[in-house]
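Colleague: Provided below for reference: sequence and predicted model.
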Amino acid sequence: MSFEAFAADWPLVPALAFQAINGFASASTLFLVAAGLSIIFGVTRIVNMAHGSFYMLGLYVAVTLAPLVPGPLGYWGAVLAAALVMGLLGALVEITVLRRIYRAPELYQLLATFALLLVINDAALYFWGPEDILGPRAPGLTGSVALLGRRLPEYDILLALIGPIVLTVLHIVLTRTRFGRLIRAATQDREMVAVLGINEALLFTAVFALGAAIAGFGGALQMAREPANLLIDLGVLGDAFVVVVVGGMGSIRGAYLAAVLVAQVKALCTALGIIEIAGISFNMSKLTLVAEFLVMAVVLILRPHGLFGRPIPPAHHRGSVEAPLRPLTTTGKFSFIVIILGLAALPFLGAAFSYAPVLALDVLIAALFAASLHFLMGPGGLASFGHAASFGLGAYGTAFAATSLGLDTITAFAFGIAVAALGAALLGSVAVRLEGVYFAMLTLAFAQIVWSVVYQWEDVTGGSNGLFGLWPDPPFDSRTGLYLAALAVTVAGVMLLRYLAFSPFGYGLRAARDSAMRAEASGIPVARLRWLAFIVAGTLGGAAGGLFAFAKGSISPEAISVGRSIDGLVMVLLGGVQSLAGPLLGAGTLTVLQDTVMRETDYWRALLGGLILLVVFAFPGGIAGGLALLARRGAGR
Amino acid sequence: MSVLAVEALSKSYGGVQALDGVSFSVSAGELLALIGPNGAGKSTCFNIVNGQIRADSGRVRLNGRDVTGASPRRMALEGVGRSFQVAQVFGSMTVRENVQTALLAARHRLLGFLRPAATLLRAEAEALLEQTRMAARADEPAAALAYGDVKRLELAMALATAPRLLLMDEPTAGMGVEERLALMALVRDLARTNGLAVLFTEHSMDVVFGHADRVIVLARGRLIADGTPQQVRADPKVADIYLGRRGGAE
């Protein structure tokens, strides 16, 4: 039988083989980013959110350098130079920023490195501009190889090989060299390494530089496949998190295996194309992201610490223990009522204040969003880096119900909230199995997946354009009507959260945060309480999203990107995570800043990054913490 | 009938036999001390009983019911109270709230939303604080307590499940001599009045021989002695282990 005849009888086989090679090429790229992330975490216990930046900058540096010298020397010279430059940059970043935060609470470490990502992104915007930059193709590898009747690019075959090569080299370095043994020793027992008199500072810098260089190398290798652009830092970070969580933090083998697993499952979905099951046709190629989520969920259910991961001892420095929560005093209740009345009066102040209700509506939505996130972070002790997912589910659910289903305003809003609640119940059932940085990474990955599904599912979500033409029915069609409705929803949401914090449920949640061991020994159902908290936070985050959709009259993927999650975290920290009023103060402050200062500049990311670093380094208690300190001083203590 | 009955527990890690056919029991009102040199298998034994580790073979019975392999949470609901070597309490809550939370958990009322928790089971929480002599500190944040008070709070929380068995891992670690004896006297009182069985591990011999009703000794995963403090003190095998004639010294 000729090959053509075989291919005609079995059309799937060549497609599968073709996609499998492709999958190995993608796996190599994922691995190069995840490996560095994993090694750095193993030694320093820091999840480096800025790791995607090294990847992105590696690509920018390579496309800039490669044309300077023609031929293979220029291309491969640029790849190596990019790796080297990223190694040096990594060392610089470690010395100037990371050294100050090794003893900070995890959440602050995550946010500080995310701030770096923002600053680096704007630096790239400054140096290279907003346009994509195409790199040269790899000299001598521009052709393709015929395989099973298809043509495979030679460069993809090379990439597929590079992953295992780097894995082998890393393995040799880790097992055969003194540096590698130190890395492994530090990963297993950090205190011991310090006790043995090893120069810890030097080791940390070296490890960080190594990780950054590998990521830069991975980015530079992409030169022939995709143009340098400003979106890939976050894009690759989400995928790398999935890989590291699946493979197990700190395990290099695990990272490669997970990269292959994730890339192959995606490749398989693409290869299958449209399939029919029981008469219903599924376009499998659109399910790649869902598949990624399923792989992760299955692995985490079977092995909560990943394929090759081991349980990580809990972080010892959780920051200061917060003071017991107290119900509002009479003065507090009175101020709360005065503030609500003041907000309710805003639309009636006349033309001189015409902008005030517009800004106040943004503040209200942000306040509900931040308060719902705070419920999870504060009383729940679980810092979600993906709260944008709830916001997005609520916003898209509402917009879809109002436009495509033609439901009335209130029903559409309820529909959106229900979608967010269901989403939270589903994602939460996996996420609450984890804690600390694992939880942070997993929620960030979830949010990336929700974003991607929204972006790809054009029939329902309108793809990159989003859904628009969303007009609320009377009496919410006027600016005042909508504003007052949003005020009512936000006040109700904030009061509910406050009420829950003082309920038995809230007590149990705080107890589990303070000491999970004691909580278990007291018979507290820790996982179930956390799951419920996840659903509560997701539901109210979804309500904020629904309000947002009506307030803007539209919703697009941009509004539910990871930036939304980070805004929420910054609001909570800026206001003060240890106070129930903190997130409200933070939401007000950040929203006003965004609508005034940040709107005036192209470099708002760097400004936001600077603000985060300022809070982390100088005001860890946030605004509420500062106010409480002032009040105590005023009281003469 | 004994409250806790441990039957032929065995556990090995790789090639190391951490526990080898250990059996013992504790009755209501009795304080049983589990001692032995480092590496004798005390922690393994203790953590199997409280549900943290799974045994390779053997049974754990509580009031005659087989609870082998139950999770720490289920053990708590089955009536096992615990205190940790480094006391664990809920630092961000007041002393009273700590006990209220433990009571709410024991009564399966943590999923209640209708009333603020501060008003629930308040009198019962205060009664437990009274028993452990912590009533005067009820409104203080747990994080601000002196360590001896944290230990007594932990004891109050352990009692919240109305346990039949109290497991105490080195209950007096990190305490001064006076505090140590006072705490053990309190535990003894509680055991007598509530008919509690108490199993504790301990390093300080003054606590063991001053307060235990009975002592069991583990060495290299085996039970080598079981008797009153006087009998155990006089046992030559125990002296061997502790005085190091066979190299098993601490």
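Modeller: It's in.

Colleague: need the mean per-residue confidence for stretch A:273-286.
Modeller: For stretch A:273-286, mean pLDDT rounds to 66.

Colleague: check stretch A:213-227 too.
Modeller: Mean pLDDT, computed over stretch A:213-227, is 93.

Colleague: pull up the distance across that stretch, start to finish.
Modeller: Start and end residues of stretch A:213-227 are separated by 20 Å (C-alpha to C-alpha, to the nearest Å).

Colleague: now stretch B:211-229: buried residues?
Modeller: Within stretch B:211-229, the residues that qualify as buried are B:211-221, B:223-226, B:229, counting by 16 or more other C-beta atoms under 10 Å in any protein chain shown. Where C-beta positions appear, they are placed from N, C-alpha and C, glycine not excepted.

Colleague: phi and psi next, for the residue in the stretch 51-200 of chain A that chain B sits nearest to.
Modeller: Residue nearest to chain B within the stretch 51-200 of chain A (C-beta to the nearest C-beta): residue A:105, separated by 14.1 Å. Per-residue torsions, residue A:105: phi -60, psi 150 (degrees, to the nearest 10).

Colleague: what is the neighbour count of it?
Modeller: Neighbour count for residue A:105, taken as other C-beta atoms under 10 Å in any protein chain shown: 19.

Colleague: same check, this time on residue A:417
Modeller: 25.

Colleague: packing partners for the helix or strand where it lies?
Modeller: Take DSSP states H and E as the rule and residue A:417 turns out to sit in helix A:409-431. Applying 3 or more C-beta pairs under 8 Å, 6 or more residues apart in numbering or on different chains; DSSP states H and E, we find helix A:409-431 packed against helix A:288-302, helix A:388-403, helix A:436-456, helix A:526-552.

Colleague: in strands only, show me the buried residues of stretch B:211-229.
Modeller: B:214-219, B:223-226 (DSSP state E).

Colleague: going by residue numbers, what spans are strands in chain B?
Modeller: Using DSSP E, the strands assigned to chain B run over residues B:4-13, B:16-26, B:31-35, B:57-62, B:65-66, B:80-83, B:165-169, B:197-201, B:214-219, B:222-227.

Colleague: highest mean neighbour count out of the helices and strands packed on helix A:409-431?
Modeller: Of the helices and strands packed on helix A:409-431, the one with the most neighbours on average (mean count of other C-beta atoms under 10 Å in any protein chain shown) is helix A:388-403, at a mean of 30.

Colleague: near chain B, which residues of chain A?
Modeller: A:321-325, A:327, A:499-500, A:502-508, A:510-511, A:513-515, A:517-526, A:529, A:532 (C-beta under 8 Å from any C-beta of the partner chain).

Colleague: mind checking which of those residues are in helices?
Modeller: Judged by DSSP state H, the subset of the residues of chain A next to chain B located in helices is A:499-500, A:502, A:504-508, A:510-511, A:513-514, A:517-521, A:526, A:529, A:532.

Colleague: any of those buried? List them.
Modeller: A:500, A:502, A:504-508, A:510-511, A:513-514, A:518-521, A:526, A:529, A:532.

Colleague: so where's chain B shaky on pLDDT?
Modeller: Across chain B, the ranges flagged by pLDDT under 70 are B:243-250.

Colleague: swap the cut-off to 50 and go again
Modeller: By pLDDT under 50, the weakly predicted segments of chain B are B:246-250.

Colleague: domain map for it?
Modeller: B:1-79+B:163-250, B:90-161 (automatic domain parsing).

Colleague: which residues of chain B fall in helices?
Modeller: Applying DSSP H to chain B gives helices spanning B:42-49, B:72-77, B:95-106, B:122-131, B:147-159, B:177-194, B:205-211, B:229-234, B:236-243.

Colleague: how far away from the center of its chain is the second one?
Modeller: Using C-alpha atoms, centre = their mean, to the nearest Å, we find the averaged C-alpha position of helix B:72-77 to lie 14 Å away from the chain's own average C-alpha position.

Colleague: ok, the fifth one next?
Modeller: Taking the mean of its C-alpha atoms, helix B:147-159 sits 12 Å from the chain's own mean (C-alpha atoms, centre = their mean).

Colleague: and the angle from that helix to helix B:122-131?
Modeller: Interaxial angle of helix B:147-159 relative to helix B:122-131 (axes from the mean of the first three to the mean of the last three C-alpha atoms, to 10 degrees): 130 degrees.

Colleague: which residues are in contact with helix B:147-159?
Modeller: Here helix B:147-159 makes contact (C-beta atoms under 8 Å, 6 or more residues apart in numbering or on different chains) with A:518, A:521-522, B:81-84, B:87-89, B:95, B:98-99, B:102, B:128-129, B:131-134, B:137, B:142, B:145, B:166, B:171, B:174-176, B:179, B:182-183, B:186-187, B:190, B:194.

Colleague: with adjacent residues omitted, what lies nearest to the most centrally placed residue in chain A?
Modeller: Geometric centre of chain A, nearest residue: residue A:444, 3.0 Å, by C-alpha atoms, centre = their mean. In this structure, residue A:444 finds its nearest non-sequential neighbour in residue A:385, 3.9 Å apart by C-beta to C-beta, 6 or more residues apart in numbering or on different chains.

Colleague: ramachandran angles for that neighbour?
Modeller: Residue A:385 has phi and psi values of phi -100, psi 20 when expressed as degrees, to the nearest 10.

Colleague: from memory it sits against residue A:447, does it?
Modeller: Yes - counting by C-beta atoms under 8 Å, residue A:447 is a contact partner of residue A:385 at 7.3 Å.
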